[in-house]
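A.B. asks: Build me a model from this:
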Amino acid sequence: MDILFASSEAHPLIKTGGLADVSGSLPRAIRNSKQEIRLILPAYPQALERAGSVREIARISLPGCDTPVRLLQGWLPHTRVRLYLVDCPACFKRPGNPYVGPDGHDWPDNAERFALFARAVCEVAMDRAGLDWRPQLVHCNDWQTGLVPALLSLEADRPATLFTIHNLAYQGLFDWPTFQRLGLPGDWWSLDKLEFHGKLSFIKGGLVFSDWINTVSPRYAQEIRTPQFGCGLEGLLEHRKDRLSGILNGVDYRTWSPGRDPLIARRYTSRTLRLKLDNKRALQAAFGLPEDPFVPIFGHVGRIVEQKGIDLILDLLPQLLERHLQLVILGTGQATLEQALRDAGQRHPERFGVRIEYDEALSHLLEAGSDAFLMPSRFEPCGLNQLYSLRYGTPPVVHNTGGLADSVVDANTATLEDGTATGFVFERAEPGPLLDAIDRALALYTEPDRWKQLMQTGMRQDFSWTRSAAAYLDLYTRLVSERR
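C.D. replies: Alright, predicted model coming up:
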(Lines give C-alpha, C1' and ligand atoms only; values in the text may rest on other atoms or scores of the structure.)
Protein backbone atom coordinates (compact mmCIF):
# COMPACT_ATOMS: atom_id res chain seq x y z
CA MET A 1 0.00 0.00 0.00
CA ASP A 2 0.90 3.64 -0.47
CA ILE A 3 0.11 5.69 2.66
CA LEU A 4 0.50 9.38 3.47
CA PHE A 5 0.81 10.03 7.22
CA ALA A 6 -0.04 13.62 8.16
CA SER A 7 0.89 15.03 11.56
CA SER A 8 1.74 18.35 13.17
CA GLU A 9 4.69 16.86 15.07
CA ALA A 10 6.97 13.82 14.99
CA HIS A 11 9.87 12.76 17.18
CA PRO A 12 12.79 13.45 16.85
CA LEU A 13 11.98 16.44 14.61
CA ILE A 14 9.56 18.31 16.89
CA LYS A 15 7.78 17.16 20.05
CA THR A 16 5.28 18.57 22.52
CA GLY A 17 3.63 15.31 23.60
CA GLY A 18 2.64 11.75 22.81
CA LEU A 19 1.48 12.58 19.28
CA ALA A 20 5.12 13.11 18.32
CA ASP A 21 6.12 9.71 19.71
CA VAL A 22 3.38 8.00 17.71
CA SER A 23 4.16 9.94 14.52
CA GLY A 24 7.85 9.14 14.84
CA SER A 25 7.35 5.44 15.55
CA LEU A 26 4.24 4.13 13.78
CA PRO A 27 5.36 5.12 10.24
CA ARG A 28 8.69 3.39 10.84
CA ALA A 29 6.91 0.22 11.99
CA ILE A 30 4.60 0.35 8.96
CA ARG A 31 7.58 0.88 6.66
CA ASN A 32 9.30 -2.12 8.23
CA SER A 33 6.23 -4.15 7.17
CA LYS A 34 7.18 -3.41 3.55
CA GLN A 35 4.54 -0.72 2.96
CA GLU A 36 5.32 2.61 1.28
CA ILE A 37 4.43 5.18 3.93
CA ARG A 38 5.49 8.82 3.74
CA LEU A 39 5.34 11.34 6.57
CA ILE A 40 4.31 14.97 6.01
CA LEU A 41 4.50 17.78 8.56
CA PRO A 42 5.13 21.54 8.69
CA ALA A 43 8.69 22.79 8.21
CA TYR A 44 9.24 24.24 11.67
CA PRO A 45 12.81 25.50 12.30
CA GLN A 46 13.52 22.61 14.68
CA ALA A 47 12.25 20.09 12.13
CA LEU A 48 14.44 21.57 9.39
CA GLU A 49 17.47 21.53 11.67
CA ARG A 50 16.96 17.95 12.85
CA ALA A 51 15.94 16.47 9.51
CA GLY A 52 19.45 16.88 8.16
CA SER A 53 19.78 17.00 4.40
CA VAL A 54 16.58 18.04 2.60
CA ARG A 55 15.95 19.29 -0.91
CA GLU A 56 13.15 21.15 -2.63
CA ILE A 57 11.05 18.88 -4.83
CA ALA A 58 8.02 21.03 -5.58
CA ARG A 59 6.39 24.45 -5.27
CA ILE A 60 2.66 24.62 -4.63
CA SER A 61 0.40 27.64 -4.90
CA LEU A 62 -2.11 27.58 -2.05
CA PRO A 63 -4.82 29.89 -0.71
CA GLY A 64 -3.54 31.71 2.37
CA CYS A 65 0.03 32.16 1.18
CA ASP A 66 1.19 34.98 -1.07
CA THR A 67 4.11 33.00 -2.45
CA PRO A 68 4.30 29.36 -3.55
CA VAL A 69 4.83 26.91 -0.70
CA ARG A 70 7.97 24.83 -1.01
CA LEU A 71 7.75 21.08 -0.49
CA LEU A 72 11.02 19.73 0.90
CA GLN A 73 12.01 16.08 0.89
CA GLY A 74 14.26 14.19 3.27
CA TRP A 75 14.12 11.18 5.57
CA LEU A 76 12.77 10.74 9.07
CA PRO A 77 16.06 10.35 11.00
CA HIS A 78 17.30 6.80 11.47
CA THR A 79 14.49 5.32 9.35
CA ARG A 80 13.57 4.49 5.77
CA VAL A 81 10.49 6.71 5.95
CA ARG A 82 10.39 9.42 3.29
CA LEU A 83 9.72 12.83 4.84
CA TYR A 84 7.92 15.81 3.31
CA LEU A 85 8.18 19.22 5.01
CA VAL A 86 5.70 21.94 4.04
CA ASP A 87 7.83 25.09 3.98
CA CYS A 88 5.91 28.33 4.39
CA PRO A 89 8.08 30.61 6.57
CA ALA A 90 5.23 33.05 7.21
CA CYS A 91 3.30 30.26 8.90
CA PHE A 92 5.90 27.98 10.42
CA LYS A 93 9.22 29.78 10.84
CA ARG A 94 8.69 30.61 14.51
CA PRO A 95 10.59 29.88 17.72
CA GLY A 96 9.69 27.23 20.25
CA ASN A 97 6.35 25.48 20.47
CA PRO A 98 4.48 24.78 17.20
CA TYR A 99 1.14 25.92 18.62
CA VAL A 100 1.95 28.46 21.35
CA GLY A 101 3.89 31.72 21.24
CA PRO A 102 6.53 32.92 23.74
CA ASP A 103 3.73 34.62 25.73
CA GLY A 104 2.17 31.24 26.49
CA HIS A 105 -0.89 31.87 24.33
CA ASP A 106 -1.88 30.12 21.11
CA TRP A 107 -0.50 31.67 17.94
CA PRO A 108 -3.38 33.94 16.80
CA ASP A 109 -3.24 32.57 13.24
CA ASN A 110 -3.26 28.85 14.10
CA ALA A 111 -6.37 28.33 11.99
CA GLU A 112 -4.70 29.84 8.91
CA ARG A 113 -1.46 27.95 9.57
CA PHE A 114 -3.01 24.51 9.80
CA ALA A 115 -5.59 25.15 7.09
CA LEU A 116 -2.66 25.86 4.77
CA PHE A 117 -0.93 22.68 5.95
CA ALA A 118 -4.13 20.70 5.29
CA ARG A 119 -4.37 22.11 1.76
CA ALA A 120 -0.75 21.12 1.11
CA VAL A 121 -1.46 17.59 2.34
CA CYS A 122 -4.41 17.38 -0.04
CA GLU A 123 -2.31 18.52 -3.01
CA VAL A 124 0.19 15.76 -2.28
CA ALA A 125 -2.61 13.22 -1.70
CA MET A 126 -4.22 14.04 -5.05
CA ASP A 127 -0.85 13.94 -6.86
CA ARG A 128 -1.07 17.61 -7.80
CA ALA A 129 2.38 18.45 -6.40
CA GLY A 130 4.27 16.88 -9.31
CA LEU A 131 5.63 13.94 -7.28
CA ASP A 132 4.19 11.22 -9.53
CA TRP A 133 2.99 9.45 -6.39
CA ARG A 134 -0.53 8.99 -5.14
CA PRO A 135 -1.36 7.43 -1.77
CA GLN A 136 -4.23 4.99 -1.43
CA LEU A 137 -4.86 6.19 2.13
CA VAL A 138 -4.21 9.36 4.10
CA HIS A 139 -3.81 8.89 7.86
CA CYS A 140 -4.57 12.14 9.73
CA ASN A 141 -3.88 12.90 13.37
CA ASP A 142 -5.63 15.30 15.75
CA TRP A 143 -7.26 18.66 15.05
CA GLN A 144 -4.29 20.17 13.20
CA THR A 145 -5.05 17.79 10.29
CA GLY A 146 -8.83 17.75 10.76
CA LEU A 147 -9.50 19.73 7.59
CA VAL A 148 -7.73 17.13 5.43
CA PRO A 149 -10.60 14.58 5.31
CA ALA A 150 -13.07 17.44 4.87
CA LEU A 151 -11.16 18.92 1.90
CA LEU A 152 -10.57 15.50 0.35
CA SER A 153 -14.32 14.82 0.52
CA LEU A 154 -14.67 17.43 -2.24
CA GLU A 155 -12.48 15.34 -4.59
CA ALA A 156 -14.07 12.87 -7.01
CA ASP A 157 -11.33 10.27 -6.93
CA ARG A 158 -9.85 10.68 -3.48
CA PRO A 159 -7.84 8.24 -1.33
CA ALA A 160 -9.30 6.57 1.76
CA THR A 161 -9.05 8.63 4.95
CA LEU A 162 -8.38 7.61 8.55
CA PHE A 163 -8.55 10.12 11.39
CA THR A 164 -6.90 9.31 14.72
CA ILE A 165 -7.95 11.09 17.91
CA HIS A 166 -4.99 11.37 20.27
CA ASN A 167 -6.80 13.68 22.69
CA LEU A 168 -10.37 14.81 22.11
CA ALA A 169 -9.98 17.70 24.57
CA TYR A 170 -7.95 19.62 21.98
CA GLN A 171 -10.37 20.47 19.18
CA GLY A 172 -9.05 23.45 17.21
CA LEU A 173 -11.91 25.89 17.85
CA PHE A 174 -12.07 29.26 16.05
CA ASP A 175 -14.63 32.02 15.55
CA TRP A 176 -16.98 32.85 12.66
CA PRO A 177 -14.76 35.55 11.10
CA THR A 178 -11.95 32.97 10.94
CA PHE A 179 -14.24 30.54 9.14
CA GLN A 180 -15.04 33.27 6.62
CA ARG A 181 -11.35 34.10 6.09
CA LEU A 182 -10.44 30.48 5.37
CA GLY A 183 -12.71 30.34 2.33
CA LEU A 184 -14.27 27.00 3.21
CA PRO A 185 -17.60 25.92 1.67
CA GLY A 186 -20.40 27.94 3.24
CA ASP A 187 -22.53 24.89 4.03
CA TRP A 188 -19.76 23.57 6.31
CA TRP A 189 -20.93 26.12 8.90
CA SER A 190 -23.63 23.75 10.13
CA LEU A 191 -24.15 21.42 13.07
CA ASP A 192 -23.75 18.31 10.94
CA LYS A 193 -20.42 19.55 9.54
CA LEU A 194 -17.85 21.92 11.09
CA GLU A 195 -19.87 24.25 13.33
CA PHE A 196 -19.69 23.53 17.07
CA HIS A 197 -21.56 25.82 19.48
CA GLY A 198 -20.93 28.86 17.32
CA LYS A 199 -17.32 27.97 16.57
CA LEU A 200 -15.43 26.44 13.69
CA SER A 201 -14.18 23.03 14.86
CA PHE A 202 -11.18 21.63 13.00
CA ILE A 203 -11.50 18.26 14.73
CA LYS A 204 -15.04 17.85 13.39
CA GLY A 205 -13.52 17.81 9.91
CA GLY A 206 -11.95 14.49 10.82
CA LEU A 207 -14.89 13.16 12.82
CA VAL A 208 -17.54 13.97 10.19
CA PHE A 209 -15.74 13.42 6.89
CA SER A 210 -13.18 10.64 7.43
CA ASP A 211 -13.90 7.09 6.31
CA TRP A 212 -12.91 5.77 9.71
CA ILE A 213 -12.15 7.25 13.13
CA ASN A 214 -9.84 5.58 15.58
CA THR A 215 -8.39 6.40 18.96
CA VAL A 216 -5.22 5.35 20.70
CA SER A 217 -6.77 2.75 23.01
CA PRO A 218 -9.88 0.53 22.91
CA ARG A 219 -11.19 1.88 26.23
CA TYR A 220 -10.91 5.51 25.09
CA ALA A 221 -12.90 4.65 21.95
CA GLN A 222 -15.75 3.66 24.27
CA GLU A 223 -15.29 6.53 26.73
CA ILE A 224 -15.52 9.33 24.17
CA ARG A 225 -19.07 8.27 23.35
CA THR A 226 -20.14 9.34 26.87
CA PRO A 227 -20.78 12.84 28.28
CA GLN A 228 -17.97 12.40 30.82
CA PHE A 229 -15.26 12.05 28.17
CA GLY A 230 -16.89 13.18 24.91
CA CYS A 231 -16.12 16.91 25.29
CA GLY A 232 -19.48 17.76 23.75
CA LEU A 233 -18.89 15.53 20.71
CA GLU A 234 -20.25 12.32 22.22
CA GLY A 235 -23.46 12.51 20.15
CA LEU A 236 -21.52 12.68 16.88
CA LEU A 237 -19.21 9.86 17.97
CA GLU A 238 -22.15 7.72 19.04
CA HIS A 239 -23.69 8.37 15.62
CA ARG A 240 -20.46 7.13 13.96
CA LYS A 241 -19.79 4.28 16.38
CA ASP A 242 -19.86 1.72 13.56
CA ARG A 243 -16.86 3.57 12.06
CA LEU A 244 -14.97 4.02 15.34
CA SER A 245 -12.38 1.78 16.98
CA GLY A 246 -9.31 1.90 19.20
CA ILE A 247 -5.76 0.60 18.81
CA LEU A 248 -3.43 0.88 21.77
CA ASN A 249 -0.27 2.85 21.05
CA GLY A 250 3.03 1.06 21.05
CA VAL A 251 6.48 1.70 22.47
CA ASP A 252 9.73 1.96 20.56
CA TYR A 253 11.77 -0.48 22.61
CA ARG A 254 14.92 0.58 20.78
CA THR A 255 14.58 3.86 22.67
CA TRP A 256 12.72 2.76 25.80
CA SER A 257 14.38 -0.35 27.15
CA PRO A 258 16.63 -0.43 30.23
CA GLY A 259 18.92 -3.06 28.75
CA ARG A 260 20.06 -0.76 25.95
CA ASP A 261 19.21 2.78 27.15
CA PRO A 262 22.28 5.08 26.84
CA LEU A 263 20.55 7.85 28.85
CA ILE A 264 20.40 6.03 32.20
CA ALA A 265 23.15 5.63 34.79
CA ARG A 266 23.35 1.84 34.58
CA ARG A 267 21.72 -0.55 32.15
CA TYR A 268 19.85 -3.54 33.54
CA THR A 269 17.41 -6.30 32.61
CA SER A 270 14.82 -8.37 34.43
CA ARG A 271 17.64 -10.71 35.41
CA THR A 272 19.92 -7.97 36.77
CA LEU A 273 17.43 -5.86 38.71
CA ARG A 274 20.01 -5.15 41.41
CA LEU A 275 21.65 -2.74 38.93
CA LYS A 276 18.49 -0.62 39.01
CA LEU A 277 19.78 0.71 42.34
CA ASP A 278 22.54 2.62 40.52
CA ASN A 279 19.82 4.54 38.69
CA LYS A 280 18.01 5.17 41.95
CA ARG A 281 21.13 6.75 43.42
CA ALA A 282 21.63 8.86 40.30
CA LEU A 283 17.99 9.97 40.40
CA GLN A 284 18.24 11.01 44.04
CA ALA A 285 21.35 13.02 43.22
CA ALA A 286 19.72 14.66 40.18
CA PHE A 287 16.79 15.84 42.32
CA GLY A 288 18.86 16.79 45.38
CA LEU A 289 17.36 14.08 47.58
CA PRO A 290 19.22 12.18 50.31
CA GLU A 291 20.72 8.96 49.00
CA ASP A 292 18.83 6.07 50.54
CA PRO A 293 18.51 2.71 48.75
CA PHE A 294 15.72 1.57 51.05
CA VAL A 295 13.22 4.42 50.71
CA PRO A 296 10.74 3.82 47.85
CA ILE A 297 10.72 6.56 45.21
CA PHE A 298 7.47 7.45 43.46
CA GLY A 299 8.15 9.28 40.19
CA HIS A 300 6.07 11.27 37.74
CA VAL A 301 6.97 12.86 34.42
CA GLY A 302 4.58 14.62 32.08
CA ARG A 303 2.59 17.74 31.40
CA ILE A 304 1.78 19.56 34.62
CA VAL A 305 -1.94 20.01 34.04
CA GLU A 306 -5.08 18.94 35.85
CA GLN A 307 -5.80 16.25 33.25
CA LYS A 308 -2.73 14.43 34.54
CA GLY A 309 -3.95 14.57 38.15
CA ILE A 310 -1.05 16.67 39.44
CA ASP A 311 -3.45 18.48 41.76
CA LEU A 312 -4.41 15.12 43.29
CA ILE A 313 -0.76 14.54 44.19
CA LEU A 314 -0.51 18.04 45.65
CA ASP A 315 -3.66 17.47 47.72
CA LEU A 316 -2.08 14.35 49.19
CA LEU A 317 1.26 15.91 50.15
CA PRO A 318 0.52 16.09 53.90
CA GLN A 319 -0.35 12.38 53.97
CA LEU A 320 2.53 11.40 51.71
CA LEU A 321 4.99 13.20 53.96
CA GLU A 322 3.82 10.97 56.82
CA ARG A 323 4.86 7.89 54.84
CA HIS A 324 8.29 6.42 54.20
CA LEU A 325 8.82 7.54 50.60
CA GLN A 326 10.39 10.11 48.31
CA LEU A 327 8.57 11.84 45.47
CA VAL A 328 10.10 13.17 42.23
CA ILE A 329 8.24 15.13 39.56
CA LEU A 330 9.52 16.33 36.17
CA GLY A 331 7.62 18.39 33.61
CA THR A 332 6.16 21.72 32.54
CA GLY A 333 2.63 23.00 32.16
CA GLN A 334 0.11 25.16 33.97
CA ALA A 335 1.84 28.03 35.78
CA THR A 336 -0.16 27.78 39.03
CA LEU A 337 0.52 24.06 39.35
CA GLU A 338 4.19 24.57 38.50
CA GLN A 339 4.49 27.14 41.29
CA ALA A 340 2.67 24.91 43.78
CA LEU A 341 5.14 22.12 43.02
CA ARG A 342 8.13 24.46 43.37
CA ASP A 343 6.84 25.71 46.73
CA ALA A 344 6.31 22.16 48.01
CA GLY A 345 9.78 21.13 46.86
CA GLN A 346 11.36 24.09 48.65
CA ARG A 347 9.46 23.29 51.87
CA HIS A 348 10.41 19.60 51.83
CA PRO A 349 13.68 19.30 49.90
CA GLU A 350 14.63 16.03 51.62
CA ARG A 351 11.42 14.27 50.53
CA PHE A 352 10.14 15.99 47.39
CA GLY A 353 12.26 16.63 44.29
CA VAL A 354 10.86 18.89 41.56
CA ARG A 355 12.31 19.89 38.18
CA ILE A 356 10.10 22.24 36.15
CA GLU A 357 11.59 21.55 32.73
CA TYR A 358 11.49 19.13 29.84
CA ASP A 359 14.57 16.92 29.80
CA GLU A 360 14.53 13.76 27.69
CA ALA A 361 17.55 12.19 29.38
CA LEU A 362 16.20 12.93 32.86
CA SER A 363 12.83 11.41 31.94
CA HIS A 364 14.62 8.15 31.10
CA LEU A 365 16.53 8.25 34.39
CA LEU A 366 13.28 8.91 36.27
CA GLU A 367 11.73 5.79 34.74
CA ALA A 368 14.79 3.72 35.56
CA GLY A 369 15.48 5.10 39.04
CA SER A 370 11.96 5.28 40.49
CA ASP A 371 10.49 2.31 42.33
CA ALA A 372 6.93 3.13 41.26
CA PHE A 373 5.40 5.56 38.76
CA LEU A 374 2.44 7.82 39.59
CA MET A 375 -0.03 8.40 36.74
CA PRO A 376 -3.34 9.52 38.27
CA SER A 377 -4.74 11.03 35.05
CA ARG A 378 -8.39 12.04 35.09
CA PHE A 379 -8.56 10.77 31.51
CA GLU A 380 -5.83 9.29 29.36
CA PRO A 381 -6.47 8.43 25.70
CA CYS A 382 -3.52 6.04 25.74
CA GLY A 383 -0.64 7.21 27.86
CA LEU A 384 2.93 6.16 27.15
CA ASN A 385 4.71 6.58 30.45
CA GLN A 386 2.88 3.67 32.03
CA LEU A 387 4.13 1.52 29.13
CA TYR A 388 7.67 2.80 29.63
CA SER A 389 7.38 2.15 33.37
CA LEU A 390 6.36 -1.46 32.83
CA ARG A 391 9.41 -2.10 30.67
CA TYR A 392 11.71 -0.42 33.23
CA GLY A 393 10.41 -2.53 36.13
CA THR A 394 8.76 0.51 37.72
CA PRO A 395 5.19 -0.59 38.55
CA PRO A 396 2.71 2.17 37.65
CA VAL A 397 -0.04 3.51 39.90
CA VAL A 398 -2.86 4.49 37.52
CA HIS A 399 -6.47 5.61 37.34
CA ASN A 400 -8.80 3.10 35.71
CA THR A 401 -9.35 5.03 32.49
CA GLY A 402 -8.48 4.94 28.79
CA GLY A 403 -5.21 3.33 27.81
CA LEU A 404 -4.18 3.02 31.46
CA ALA A 405 -7.01 0.55 31.99
CA ASP A 406 -6.03 -1.30 28.79
CA SER A 407 -2.39 -1.75 29.78
CA VAL A 408 -2.04 -2.15 33.59
CA VAL A 409 -3.30 -5.14 35.59
CA ASP A 410 -4.10 -4.31 39.20
CA ALA A 411 -2.11 -6.08 41.90
CA ASN A 412 -4.77 -7.78 43.99
CA THR A 413 -4.91 -11.16 45.70
CA ALA A 414 -5.99 -13.03 42.57
CA THR A 415 -3.62 -11.39 40.08
CA LEU A 416 -0.64 -11.65 42.42
CA GLU A 417 -1.45 -15.32 42.86
CA ASP A 418 -1.73 -16.10 39.14
CA GLY A 419 1.24 -13.87 38.20
CA THR A 420 -0.61 -11.40 35.96
CA ALA A 421 -0.35 -8.27 38.15
CA THR A 422 1.71 -5.40 36.73
CA GLY A 423 0.74 -2.30 38.78
CA PHE A 424 -1.87 -0.62 40.96
CA VAL A 425 -5.21 0.60 39.61
CA PHE A 426 -7.69 2.87 41.41
CA GLU A 427 -11.27 3.56 40.35
CA ARG A 428 -12.04 7.25 40.99
CA ALA A 429 -9.79 10.23 40.19
CA GLU A 430 -9.87 11.53 43.74
CA PRO A 431 -7.19 11.91 46.45
CA GLY A 432 -8.59 9.11 48.66
CA PRO A 433 -8.54 6.29 46.09
CA LEU A 434 -5.10 7.44 44.87
CA LEU A 435 -3.74 7.31 48.42
CA ASP A 436 -5.19 3.82 48.91
CA ALA A 437 -3.36 2.65 45.76
CA ILE A 438 -0.10 4.23 46.96
CA ASP A 439 -0.53 2.51 50.33
CA ARG A 440 -1.06 -0.84 48.59
CA ALA A 441 2.13 -0.25 46.65
CA LEU A 442 4.03 0.65 49.83
CA ALA A 443 2.77 -2.51 51.54
CA LEU A 444 3.83 -4.75 48.68
CA TYR A 445 7.20 -3.01 48.48
CA THR A 446 7.98 -4.42 51.94
CA GLU A 447 7.69 -7.94 50.46
CA PRO A 448 10.77 -8.10 48.20
CA ASP A 449 9.95 -11.40 46.48
CA ARG A 450 6.43 -10.39 45.51
CA TRP A 451 7.59 -6.92 44.45
CA LYS A 452 10.28 -8.46 42.24
CA GLN A 453 7.65 -10.70 40.65
CA LEU A 454 5.50 -7.63 39.94
CA MET A 455 8.45 -5.86 38.32
CA GLN A 456 9.39 -8.83 36.17
CA THR A 457 5.83 -9.45 35.00
CA GLY A 458 5.62 -5.84 33.84
CA MET A 459 8.94 -6.09 32.05
CA ARG A 460 7.70 -9.12 30.07
CA GLN A 461 4.71 -7.28 28.58
CA ASP A 462 4.83 -6.66 24.84
CA PHE A 463 3.59 -3.21 23.87
CA SER A 464 5.87 -2.91 20.86
CA TRP A 465 4.94 -0.94 17.76
CA THR A 466 5.22 -4.17 15.78
CA ARG A 467 2.08 -5.36 17.52
CA SER A 468 0.22 -2.07 17.09
CA ALA A 469 1.36 -1.64 13.48
CA ALA A 470 -0.15 -5.01 12.57
CA ALA A 471 -3.54 -3.76 13.79
CA TYR A 472 -3.15 -0.53 11.79
CA LEU A 473 -2.21 -2.50 8.68
CA ASP A 474 -5.40 -4.54 8.99
CA LEU A 475 -7.40 -1.30 9.26
CA TYR A 476 -5.55 0.32 6.34
CA THR A 477 -6.18 -2.75 4.15
CA ARG A 478 -9.90 -2.74 4.94
CA LEU A 479 -10.30 0.99 4.21
CA VAL A 480 -8.35 0.83 0.94
CA SER A 481 -10.42 -2.15 -0.15
CA GLU A 482 -13.64 -0.23 0.61
CA ARG A 483 -12.49 2.74 -1.51
CA ARG A 484 -11.81 0.43 -4.43
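A.B. asks: Now A405: closest residue in space, sequence neighbours ignored.
C.D. replies: R219 (4.9 Å; Cβ to Cβ, 6 or more residues apart in numbering). Quick note: C-beta positions are derived from backbone N, CA and C, even for glycine.
A.B. asks: do the same with E238
C.D. replies: E238's closest residue in space is R225 (Cβ to Cβ, 6+ apart), at 4.8 Å.
A.B. asks: Give me the neighbour count for that neighbour.
C.D. replies: R225 has 18 neighbours, counted by other Cβ atoms under 10 Å.
A.B. asks: Can you give me the distance of it to K204?
C.D. replies: Computed as Cβ to Cβ, to the nearest Å, the R225 to K204 distance reads 15 Å.
A.B. asks: since we're on the residue nearest to A405, how many residues are nearby?
C.D. replies: When neighbours are defined as other Cβ under 10 Å, R219 has 22 of them.
A.B. asks: And F287, by the same measure?
C.D. replies: 24.
A.B. asks: pretty sure it contacts P349?
C.D. replies: No: using Cβ atoms under 8 Å as the test, F287 is too far from P349 to be in contact (9.2 Å).
A.B. asks: got the contact list for the residue nearest to A405?
C.D. replies: G246, T401, G402, G403, A405, D406 (Cβ atoms under 8 Å, 6 or more residues apart in numbering).
A.B. asks: most surrounded residue in these?
C.D. replies: Ranking these using other Cβ under 10 Å puts G402 first, with 30 neighbours.
A.B. asks: Which residue is the nearest non-sequential neighbour of R55?
C.D. replies: Nearest non-adjacent residue to R55 (Cβ to Cβ, 6+ apart): Q73, at 5.9 Å.
A.B. asks: Adjacent strands (with direction) for the host helix or strand of that neighbour?
C.D. replies: Using DSSP states H and E, Q73 sits within strand 69-75. Strand 69-75 sits in its sheet next to strand 55-60 (antiparallel), strand 82-87 (antiparallel), going by DSSP bridges.
A.B. asks: Let me see the domain layout of this structure.
C.D. replies: 2-250+465-483, 273-460 (automatic domain parsing).
A.B. asks: out of these, nearest to G259?
C.D. replies: domain 273-460 (9.3 Å; Cβ to Cβ).
A.B. asks: pLDDT on the closest one, on average?
C.D. replies: For domain 273-460, mean pLDDT is 97.
A.B. asks: Next, the distance between the ends of it.
C.D. replies: End-to-end distance of domain 273-460 (Cα to Cα, to the nearest Å): 13 Å.
A.B. asks: next one: stretch 290-300
C.D. replies: 18 Å.
A.B. asks: which outside residues touch it?
C.D. replies: Taking Cβ under 8 Å, 6+ apart as the rule, stretch 290-300 contacts 277, 280-281, 283-285, 289, 310, 313, 324-331, 350, 366-367, 369-375, 394, 397, 438, 441-442, 445.
A.B. asks: now swap in stretch 192-203 and tell me
C.D. replies: 111, 114, 142-144, 146-147, 150, 165, 168, 170-176, 178-179, 182, 184, 187-189, 204-205, 208, 232-233.
A.B. asks: Return the set of buried residues in that stretch.
C.D. replies: K193, L194, E195, F196, K199, L200, S201, F202, I203 (16 or more other Cβ atoms under 10 Å).
A.B. asks: Can you tell me the SS state at the first one?
C.D. replies: For K193, the reduced secondary structure class is coil; criterion used: DSSP: H, G, I helix; E, B strand; the rest coil.
A.B. asks: Next: Q456.
C.D. replies: Per three-state DSSP, the local secondary structure of Q456 is helix.
A.B. asks: quick one, what contacts it?
C.D. replies: S270, L273, G393.
A.B. asks: And for R274, the neighbour number?
C.D. replies: Neighbour tally, R274, other Cβ under 10 Å: 9.
A.B. asks: Grab the nearest non-local neighbour of it.
C.D. replies: Nearest non-adjacent residue to R274 (Cβ to Cβ, 6+ apart): Y268, at 7.8 Å.
A.B. asks: before we move on, what about D252?
C.D. replies: S25 (4.6 Å).
A.B. asks: re earlier: of the strands paired with strand 69-75, flag the one that's most buried.
C.D. replies: Ranked by mean neighbour count, the strands paired with strand 69-75 are led by strand 82-87 with a mean of 23 (mean count of other Cβ atoms under 10 Å).
A.B. asks: which residues are contacting that strand?
C.D. replies: By Cβ under 8 Å, 6+ apart, strand 82-87 touches 13, 38-43, 47-48, 51, 54, 56, 69-76, 92, 116-117, 120-121, 124.
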